[in-house]
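Q: Fold the following and give me the result.
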Amino acid sequence: MKTAVAICLALVFACATAFAAAESPEPPKQLSEKQLATIRVSIEKNLQDPSAEIRCSTVQLVLELKETYPDLDFDYALIPLIGILKSDECAEMRILAARTLYDFDSELAHFAVSRRALYDSNERVARHCGNLARSWEQRDAAMGEATASLE
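A: Model prediction:
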């Protein structure tokens, strides 16, 4: 019970920090190493939780933290997010995981979302993943053009 309370408190703190940063025009407060370690443990544990509500809240938290702190490394959440995208029973959870993976902008995330576009049994999930994969390709093409024009 103490562990669940500690995890919830860590998530509440992280959410409050993220929301405060989003509401204020000033840059977000840097997180200490202890805070980052607590957040990491909570995210890793909660992404494996049997409760869909906890997994959903945690995926949303990862998305918000990634947007608020783009320079921090949240790659430890990649594999659990890919697991949710691949095998979660809830289509909405798979869509949320795909959207969160899109923000990671890694080759592994791109590959996982692209594969779900081809092989997911749910039409909505497949369509959403296909849209994200096309958006990635368009963004990569635009970046390639911008890089070429600088040379």
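Q: Quickly find the element holding the residue positioned nearest the centre of the chain.
A: The C-alpha lying nearest the average C-alpha coordinate of the chain belongs to Thr100 (C-alpha atoms, centre = their mean; 3.2 Å). Thr100 is part of helix 91-104 when elements are defined by DSSP states H and E.
Q: List the buried residues of that helix.
A: Under the neighbour-count criterion of 16 or more other C-beta atoms under 10 Å, helix 91-104 has 91, 93-102, 104 buried. C-beta here means a position set from N, CA and C on the backbone, and glycine is covered the same way.
Q: Need the residues you listed in JSON lines (columns: distance to Asp140 and pLDDT).
A: Shown next, in JSON lines, are the buried residues of helix 91-104 (distance: C-beta to C-beta, whole Å; pLDDT from 0 to 100):
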{"residue": "Ala91", "distance to Asp140": "27", "pLDDT": "95"}
{"residue": "Met93", "distance to Asp140": "27", "pLDDT": "95"}
{"residue": "Arg94", "distance to Asp140": "23", "pLDDT": "96"}
{"residue": "Ile95", "distance to Asp140": "22", "pLDDT": "96"}
{"residue": "Leu96", "distance to Asp140": "23", "pLDDT": "95"}
{"residue": "Ala97", "distance to Asp140": "21", "pLDDT": "96"}
{"residue": "Ala98", "distance to Asp140": "17", "pLDDT": "96"}
{"residue": "Arg99", "distance to Asp140": "18", "pLDDT": "94"}
{"residue": "Thr100", "distance to Asp140": "19", "pLDDT": "94"}
{"residue": "Leu101", "distance to Asp140": "15", "pLDDT": "95"}
{"residue": "Tyr102", "distance to Asp140": "12", "pLDDT": "93"}
{"residue": "Phe104", "distance to Asp140": "14", "pLDDT": "87"}
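Q: my guess is Val59 meets Ala98, correct?
A: No - applying C-beta atoms under 8 Å as the test, Val59 and Ala98 come out as separate, 10.1 Å apart.
Q: tell me which element Asp71 is part of?
A: Residue-wise, Asp71 maps onto no helix or strand under DSSP H and E.
Q: And the helix ranked longest in the chain, what's buried?
A: Across the chain, the helix with the greatest residue count (assigned by DSSP state H) is helix 123-150. Neighbour-count burial for helix 123-150 flags 125-126, 128-130, 132-133, 136 (criterion: 16+ other C-beta under 10 Å).
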